[in-house]
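Visitor: here's my sequence, what's the structure:
(chains A and B)
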There are 2 protein chains.
Amino acid sequence: MKAVGLYRYLAIEDSESLLDLELEVPVPEAHDLLVRVKAVSVNPVDTKQRAPKERVEATPRVLGYDAVGEVTQVGSDVSLFAVGDEVYFAGDVTRQGSNAEYTRIDERLAAHKPKNLTDEEAAAMPLTTLTASEALFDRLLITPEKDQGKSILIINGAGGVGSIAVQLAKLAGLKVIATASRPETISWVEKHGADFVIDHHLSIPDELSKIGFPNVDYILCLHDTYRHFEAMEQAIKPEGQICTIVELSHPVQMSVLKDKSAGFHYEFMFTRSKYQTTDQIRQHELLENARALFESGELKSTLTKVLSPINAETMRDAHKIVESGKMIGKLVVKGFDESD
Amino acid sequence: MKAVGLYRYLAIEDSESLLDLELEVPVPEAHDLLVRVKAVSVNPVDTKQRAPKERVEATPRVLGYDAVGEVTQVGSDVSLFAVGDEVYFAGDVTRQGSNAEYTRIDERLAAHKPKNLTDEEAAAMPLTTLTASEALFDRLLITPEKDQGKSILIINGAGGVGSIAVQLAKLAGLKVIATASRPETISWVEKHGADFVIDHHLSIPDELSKIGFPNVDYILCLHDTYRHFEAMEQAIKPEGQICTIVELSHPVQMSVLKDKSAGFHYEFMFTRSKYQTTDQIRQHELLENARALFESGELKSTLTKVLSPINAETMRDAHKIVESGKMIGKLVVKGFDESD
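Guide: Okay, the predicted model is just below:
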């Protein structure tokens, strides 16, 4: 099968940073689906995994996590899916990725593709939807029942995770304050339901005070955690909860959080699959919940850009665009060139 | 009225570090109880508040938070208590304290004294019970329903908060692993219900592995957070929750917690009263819940030492003992000398 992968971790400008490869079709294990891939999306995690480092792989490594495709074979213990099902999923960082004609995925990490979305609209969503859902519902433990009208600050509302997090937080009944700084990102987050938009290049506590929210119940940080740490300490309510998906680039002391009895959570979408936690099936459930919301029209795909076909040259272009850090919404790469 | 207080913040060896004073009886506000104090306990927070610093008070400052006494007057809006009620409470760090013949306390922070405990047994308990209850139930969000058989590591199980936290965690259905290092502290935590005791002077991850718990669901840190930080990062399960009551003495980076999608919480018993949160009455509820458990015999007072009477000399002795860091359980100071 065709695949895009790497042996060495090189700058994306290097033509060998991602290579066209011919690999064996993977064999599904007991809980695995074998999936014929139709579209994949590129997330910051792809570029982080590919980032230059000394290591050299003895066998080629395939990146790619988000995918949409059709189940062509199932492992002996699979109970949630059948051959012919269309699925969407965000993968497992410990396995070969989805940038290939076929990939295998544990059924507990996959869900049925939303019927009303195109392949590319659906491929844009799993990783960001899981990250946002786990952050809001499994780390911050937000529920529509107890949190109606409470406030959440989403730092970087216009990126991939931000665009779906704003929608999910709004659906859960929260007052959503998102940050964005350019005219196009401001209108993007407003379109996705943010009640207020403030500029993260200004003082976040000052901007929050101006709109009447000197403190917020929740903060979801989707940008440089270290840079925003003091602002978050100031902005969070006593007993409030902060979640970030971005590692701290420098150490912090967190003394204000002590005075406020506040909580600080990390969300990493690959924790469940990497550590094989007993609740892995929660990813299946969260993606099925999101499917229902896509199908009812309550959630919208955040797709903004499609490239084609899936090959090394296009994937290098896709990585370059995502590495720029300026993406609004999501970028998808679609289809294999059948002419070869 | 008689009171013990300070103008200057001095080493406890200084005879002026705590002074005998004659002050006006405080006047209760709308939600306040005026309480005639019978016994108080000394906690590490008392010594931290008194610790040497440059500030000088224009009017004398009264320390003391834990107290037991009788309600002698109630504010206009008080609904939970009546004159003559015996109460126990842990106070409010923003007000004058309990080391006085009379003190005033917001009714939302107080509860009825457990009937089966002596004044000194009851005075030992409010601050540590609230700290442990808030940490376990309001920060770590432990419930008997969802957490039966889950594991918690309590670092420093023999101190004031540890002695009651071990009991409360055990009652909630958790497997409790407490740390202690001296023969007398080991037998103390075993007596309070710890399933396992490990030595925090050894490698905590290694000691946990030896007893069959390489990872734990929860960690409650009641000792030097910075010193134990790496051990906690290693020991916590993926998606696990850590709570500490001790400020970090140095910055930390927390990168392992990211990989595990773990949470890090602070508990500070004075957050609710200091920030006047809307859920202040939770402290009344937690202390009433504890009262029921003391009265049924499911919780035991952790009192180990009683001094008398409440005056500057005895309070200086009490502070010295607590500052040593070697206290097992709790120290109470009881009664005013009526002979003066």
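Visitor: now the helices: where do they sit in the stretch 201-340 of chain A?
Guide: Ranges of helices in the stretch 201-340 of chain A, per DSSP state H, counting those that start in this stretch, are A:204-210, A:225-235, A:255-259, A:271-274, A:281-295, A:312-323.
Visitor: the shortest one close to chain B?
Guide: Put plainly, it is helix A:271-274. Yes - applying C-beta under 8 Å from any C-beta of the partner chain, one finds helix A:271-274 touching chain B at A:271-272, A:274. C-beta here means a position set from N, CA and C on the backbone, and glycine is covered the same way.
Visitor: can you tell me which of those residues has the most neighbours?
Guide: Counting neighbours by other C-beta atoms under 10 Å in any protein chain shown, the top entry in the residues of helix A:271-274 next to chain B is A:Arg272, with 24 neighbours.
Visitor: picking that back up, just the closest of the residues of helix A:271-274 next to chain B to B:Gly335, please.
Guide: The closest of the residues of helix A:271-274 next to chain B to B:Gly335 turns out to be A:Thr271 (C-beta to C-beta; 55.0 Å).
Visitor: give the contact list for the closest one.
Guide: For A:Thr271, the contacting residues are A:277, B:238-239, B:259-261, by C-beta atoms under 8 Å, 6 or more residues apart in numbering or on different chains.
Visitor: now those in JSON lines, with pLDDT?
Guide: Listed next are the contacts of A:Thr271 as JSON lines, based on pLDDT from 0 to 100:
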{"residue": "A:Thr277", "pLDDT": "97"}
{"residue": "B:Pro238", "pLDDT": "98"}
{"residue": "B:Glu239", "pLDDT": "98"}
{"residue": "B:Asp259", "pLDDT": "96"}
{"residue": "B:Lys260", "pLDDT": "97"}
{"residue": "B:Ser261", "pLDDT": "98"}
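Visitor: now chain A against chain B: closest residue?
Guide: Here the residue of chain A nearest chain B is A:Pro251; by C-beta to the nearest C-beta that distance is 3.4 Å.
Visitor: distance of that residue relative to B:Val252?
Guide: 5 Å (C-beta to C-beta, to the nearest Å).
Visitor: and what of A:Val332?
Guide: According to C-beta to C-beta, A:Val332 stands 38 Å off from B:Val252.
Visitor: those two: which has the busier surroundings?
Guide: Neighbour comparison, A:Val332 and B:Val252: the larger count goes to A:Val332, with 28 against 20 (by other C-beta under 10 Å).
Visitor: who's in contact with that one?
Guide: Shown in contact with A:Val332 (C-beta under 8 Å, 6+ apart): A:39-42, A:120, A:123-124, A:303, A:305-307.
Visitor: that one pairs with what?
Guide: A:Ser41, A:Val306 (DSSP bridges).
Visitor: please list the residues of the stretch 1-150 of chain A that sit near chain B.
Guide: Within the stretch 1-150 of chain A, the residues that sit near chain B (C-beta under 8 Å from any C-beta) are A:134, A:138-139, A:141.
Visitor: please flag which of these sit within helices.
Guide: Among the residues of the stretch 1-150 of chain A next to chain B, DSSP state H puts none in helices.
Visitor: make CSV from the residues you listed and add pLDDT, distance to A:Pro28 and neighbour count to it.
Guide: Formatted as CSV, the residues of the stretch 1-150 of chain A next to chain B follow (pLDDT from 0 to 100; distance: C-beta to C-beta, whole Å; neighbours: other C-beta atoms under 10 Å in any protein chain shown):
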residue, pLDDT, distance to A:Pro28, neighbour count
A:Glu134, 98, 25, 24
A:Asp138, 98, 27, 20
A:Arg139, 98, 31, 26
A:Leu141, 98, 34, 16
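Visitor: the nearest residue to A:Phe268 once chain neighbours are set aside and B:Ala312: what is the separation?
Guide: Distance criterion C-beta to C-beta, 6 or more residues apart in numbering or on different chains; nearest residue to A:Phe268, sequence neighbours excluded, is B:Ser261 at 4.9 Å. Note on B:Ser261: its distance to B:Ala312, by C-beta to C-beta, is 51 Å.
Visitor: more neighbours: these two, which one.
Guide: Shown here are B:Ser261 and B:Ala312; by other C-beta under 10 Å, B:Ser261 has more neighbours (26 against 20).
Visitor: ok, back up a step: worst mean pLDDT among the helices of the stretch 201-340 of chain A?
Guide: Of all the helices of the stretch 201-340 of chain A, helix A:255-259 carries the lowest average pLDDT, namely a mean of 91.
Visitor: may I see the buried residues of it?
Guide: A:257-259 (16 or more other C-beta atoms under 10 Å in any protein chain shown).
Visitor: same deal with stretch A:56-70?
Guide: A:61-70.
Visitor: what would the residues you listed look like in JSON lines with secondary structure?
Guide: As requested, the buried residues of stretch A:56-70 are exported to JSON lines (DSSP: H, G, I helix; E, B strand; the rest coil):
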{"residue": "A:Arg61", "secondary structure": "strand"}
{"residue": "A:Val62", "secondary structure": "strand"}
{"residue": "A:Leu63", "secondary structure": "coil"}
{"residue": "A:Gly64", "secondary structure": "coil"}
{"residue": "A:Tyr65", "secondary structure": "coil"}
{"residue": "A:Asp66", "secondary structure": "coil"}
{"residue": "A:Ala67", "secondary structure": "strand"}
{"residue": "A:Val68", "secondary structure": "strand"}
{"residue": "A:Gly69", "secondary structure": "strand"}
{"residue": "A:Glu70", "secondary structure": "strand"}
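Visitor: now the residues you listed as JSON lines including pLDDT?
Guide: Shown next, in JSON lines, are the buried residues of stretch A:56-70 (pLDDT from 0 to 100):
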{"residue": "A:Arg61", "pLDDT": "97"}
{"residue": "A:Val62", "pLDDT": "98"}
{"residue": "A:Leu63", "pLDDT": "97"}
{"residue": "A:Gly64", "pLDDT": "97"}
{"residue": "A:Tyr65", "pLDDT": "97"}
{"residue": "A:Asp66", "pLDDT": "98"}
{"residue": "A:Ala67", "pLDDT": "98"}
{"residue": "A:Val68", "pLDDT": "98"}
{"residue": "A:Gly69", "pLDDT": "98"}
{"residue": "A:Glu70", "pLDDT": "98"}
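Visitor: switch the residues you listed over to JSON lines; also include distance to B:Val25.
Guide: Below are the buried residues of stretch A:56-70 laid out as JSON lines (distance: C-beta to C-beta, whole Å):
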{"residue": "A:Arg61", "distance to B:Val25": "76"}
{"residue": "A:Val62", "distance to B:Val25": "77"}
{"residue": "A:Leu63", "distance to B:Val25": "73"}
{"residue": "A:Gly64", "distance to B:Val25": "74"}
{"residue": "A:Tyr65", "distance to B:Val25": "68"}
{"residue": "A:Asp66", "distance to B:Val25": "69"}
{"residue": "A:Ala67", "distance to B:Val25": "73"}
{"residue": "A:Val68", "distance to B:Val25": "74"}
{"residue": "A:Gly69", "distance to B:Val25": "78"}
{"residue": "A:Glu70", "distance to B:Val25": "81"}
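Visitor: out of those, which one sits closest to B:Leu10?
Guide: Proximity of those to B:Leu10 (C-beta to C-beta) peaks at A:Tyr65, which lies at 60.8 Å.
Visitor: apart from its chain neighbours, what residue comes closest to that closest one?
Guide: In space, A:Tyr65 is closest to A:Gly91, 3.7 Å off (C-beta to C-beta, 6+ apart).
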